[in-house]
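>>> pasting the sequence and the predicted coordinates here, then a few questions.
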Amino acid sequence: MLIVWSLTIERFRDATIRELGNIERPAPSHLYWPDIDVDLSVESIRHPERFPLEAKIAR
C-alpha cells in the first residue's frame, strides 16, 4: 500500500491542471483521474486516518 500511495502522490504532483481537472465518478464512492490513472475512494479522502500509509505483513 505504501508504494501505491507514493506513486499516487507523485502522479498528482506531476500532473497538469487539465489532468487534475479531468475527474470521473464511476460510483458514488469512487473517484478516477483517467489522465494520470489514479483511483481513490471518497472514504479515503474524507477519513485518511482510516487508511494508514503502512504496509501490513501477515505472518
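Everything's here; your move. Residues are numbered from 1 along each chain as shown.
>>> show me where pLDDT drops low in this structure?
For the chain, the stretches flagged by pLDDT under 70 are 1-8, 53-57.
>>> which strand or helix spans the residue most central in space within it?
Residue closest to the mean C-alpha point of the chain, counted by C-alpha atoms, centre = their mean, is residue 40 at 3.9 Å. Using DSSP states H and E, residue 40 falls within strand 38-41.
>>> that strand - contacts with which helices or strands?
On a contact count with 3 or more C-beta pairs under 8 Å, 6 or more residues apart in numbering; DSSP states H and E, strand 38-41 meets helix 2-14, strand 30-33. Where you see a C-beta, it was placed from the backbone N, CA and C, and this is true even at glycine.
>>> direction included, what does that strand pair against?
Strand 38-41 has the following strand partners under DSSP bridges: strand 30-33 (antiparallel).
>>> does residue 20 touch residue 12 like I think?
Yes. Using C-beta atoms under 8 Å, residue 20 makes contact with residue 12 at a distance of 7.1 Å.
>>> and for these two, which residues touch both?
Applying C-beta atoms under 8 Å, 6 or more residues apart in numbering, one finds that residue 20 and residue 12 are jointly contacted by residue 36.
>>> just to revisit the earlier point, gap between the helix or strand just after the strand holding residue 40 and the chain center?
Using DSSP H and E, the helix or strand that follows strand 38-41 in sequence is helix 42-46. In terms of C-alpha atoms, centre = their mean, to the nearest Å, the centre of helix 42-46 is found 9 Å from the chain centre.
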